[in-house]
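In: got a predicted structure plus its sequence, pasted below:
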Amino acid sequence: MKAVAATFVETVLPAEAYLDRQRSASESRFADYLQLIRPRVAVMVLVTVALGGWLAAPGVVPPTALWHSVLGVGLVTAGASILNQLLERDTDARMHRTRHRPLPAGRLGAYEVLTLGATASVTGFVYMALTVPDPTAALITAFTFVLYVFAYTPTKRTTTLNTLIGAVPGALPPVIGWSAVTGRVDAGAVALFLLVFVWQVPHFLAIAWMYREDYRRASLKMLPVDDPRGDATARQMLLYGLTLVPVSLWPLALHLAGPAYAFGSIVLALAFLWPIGTFCRRRSIAAARRVLRASLVYLPGILVLLLTSKYF
């Protein structure tokens, strides 16, 4: 019996330990790939694509072209995020909040990440070209990808205007959904674009204020980095927060929403402006975090309000 037990310990248990290590390594690699994609950002992009198309749909059930667009945009978004992290791996390594990402931490290699990002992006473009009848949505997706990866990403090192540049590709997903259903970019698509564009400025300024020391360490040109008192940051937050009120009411003029939406949009705008006003009076990380949280309530709230107003 002792001989059998010894044989078991020497052969079976090491084999199990080896399998456990292999399993752990596979799970760790999957977690790294997931981190490259940034799932929370990707989900928000896909939700805005879907809601943009749903708003444009003539009936309750959107056409299948919209869901093909959601899948294609999902792949392109993943690819853009992966390539963005590839291009920013040196600055990510200098920031506390990003230095543990797969590339700066050395868990993944540049060639592997480049291959993964390029494959996801190309696959998404090809899929949309083959499944969405009108090419408008695919062309806007391609423009969004190029602007995000090759314009926004490098300008973070050169100008504080990078926030506005980045807000353009950030505001195009609902336009992609709208054009996938309608085959065009009309006033309704522009209204959605402006809504998301204006919303992004206080949203990203709140993030930039919270992590301004990190951005300074990485030599990135965010407005709060060169604004120690926060005067310019607060002004920009308030300006764009106030601009959201008329912008959010434009869908009423286009008959995309009814009176209930008007009331709800004003309530949401006030709920967003309140923490912005607090930040203007008291520039702190806690105040900026409240602006960020309010922004994460506002955008899905206003889009869902638009959608429900269409049918009720």
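Out: Now that the structure is in, tell me what you want to look at. Numbering: from 1, shown residues only.

In: contacts and neighbour counts: CA atoms only from here.
Out: OK.

In: just the pLDDT for residue 239.
Out: For residue 239, the pLDDT comes out at 97.

In: and it, what element?
Out: helix 231-253 (DSSP states H and E).

In: beyond that helix, next helix or strand please.
Out: That would be, after helix 231-253 and using DSSP H and E, helix 259-281.

In: now do that following helix: everything it contacts.
Out: 231, 234-235, 237-238, 241-242, 244-245, 248-249, 252, 287-288, 290-291, 294-295, 298, 301-302, 305-306, 309 (Cα atoms under 8 Å, 6 or more residues apart in numbering).

In: separate out the buried members of those.
Out: 234, 237-238, 241-242, 244-245, 248-249, 287-288, 290-291, 294-295, 298, 302, 305-306, 309 (16 or more other Cα atoms under 10 Å).

In: what's the neighbour count on residue 62?
Out: Using other Cα atoms under 10 Å, residue 62 is surrounded by 17 other residues.

In: how near is residue 117 to residue 38?
Out: 13 Å (Cα to Cα, to the nearest Å).

In: so what's in contact with the two at the same time?
Out: By Cα under 8 Å, 6+ apart, the residues touching both residue 117 and residue 38 are 78, 81.

In: one step back: just checking, what packs against the helix holding residue 239?
Out: Contact partners of helix 231-253 among helices and strands, from 3 or more Cα pairs under 8 Å, 6 or more residues apart in numbering; DSSP states H and E: helix 187-210, helix 259-281.

In: now those helices as TSV including distance to residue 74?
Out: Listed next are the helices and strands packed on helix 231-253 as TSV, based on distance: least, Cα to Cα, whole Å:
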stretch	distance to residue 74
helix 187-210	18
helix 259-281	28
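
In: closest to residue 169 out of these?
Out: For residue 169, the closest of the helices and strands packed on helix 231-253 is helix 187-210, at 8.8 Å, according to Cα to Cα.

In: C-alpha coordinates for that closest one, PDB please?
Out: Provided in PDB are the C-alpha atoms of helix 187-210 (Å, rounded to 0.1, in the frame of the first residue of the first chain):
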ATOM      1  CA  ALA A 187     -31.100  65.700 -38.200                       C
ATOM      2  CA  GLY A 188     -32.000  62.900 -35.800                       C
ATOM      3  CA  ALA A 189     -28.500  61.400 -36.100                       C
ATOM      4  CA  VAL A 190     -27.000  64.900 -35.500                       C
ATOM      5  CA  ALA A 191     -29.200  65.400 -32.400                       C
ATOM      6  CA  LEU A 192     -27.900  62.200 -30.900                       C
ATOM      7  CA  PHE A 193     -24.300  63.000 -31.800                       C
ATOM      8  CA  LEU A 194     -24.500  66.400 -30.100                       C
ATOM      9  CA  LEU A 195     -26.100  65.000 -27.000                       C
ATOM     10  CA  VAL A 196     -23.300  62.400 -26.500                       C
ATOM     11  CA  PHE A 197     -20.600  64.900 -27.600                       C
ATOM     12  CA  VAL A 198     -21.600  67.600 -25.100                       C
ATOM     13  CA  TRP A 199     -22.100  65.000 -22.300                       C
ATOM     14  CA  GLN A 200     -18.500  63.700 -22.700                       C
ATOM     15  CA  VAL A 201     -16.700  66.900 -21.800                       C
ATOM     16  CA  PRO A 202     -17.700  67.200 -18.100                       C
ATOM     17  CA  HIS A 203     -17.500  63.400 -17.900                       C
ATOM     18  CA  PHE A 204     -13.900  63.300 -19.100                       C
ATOM     19  CA  LEU A 205     -12.900  66.400 -17.300                       C
ATOM     20  CA  ALA A 206     -14.000  64.800 -14.000                       C
ATOM     21  CA  ILE A 207     -11.800  61.800 -14.800                       C
ATOM     22  CA  ALA A 208      -8.900  64.000 -15.700                       C
ATOM     23  CA  TRP A 209      -9.200  66.000 -12.500                       C
ATOM     24  CA  MET A 210      -9.300  62.900 -10.400                       C
END
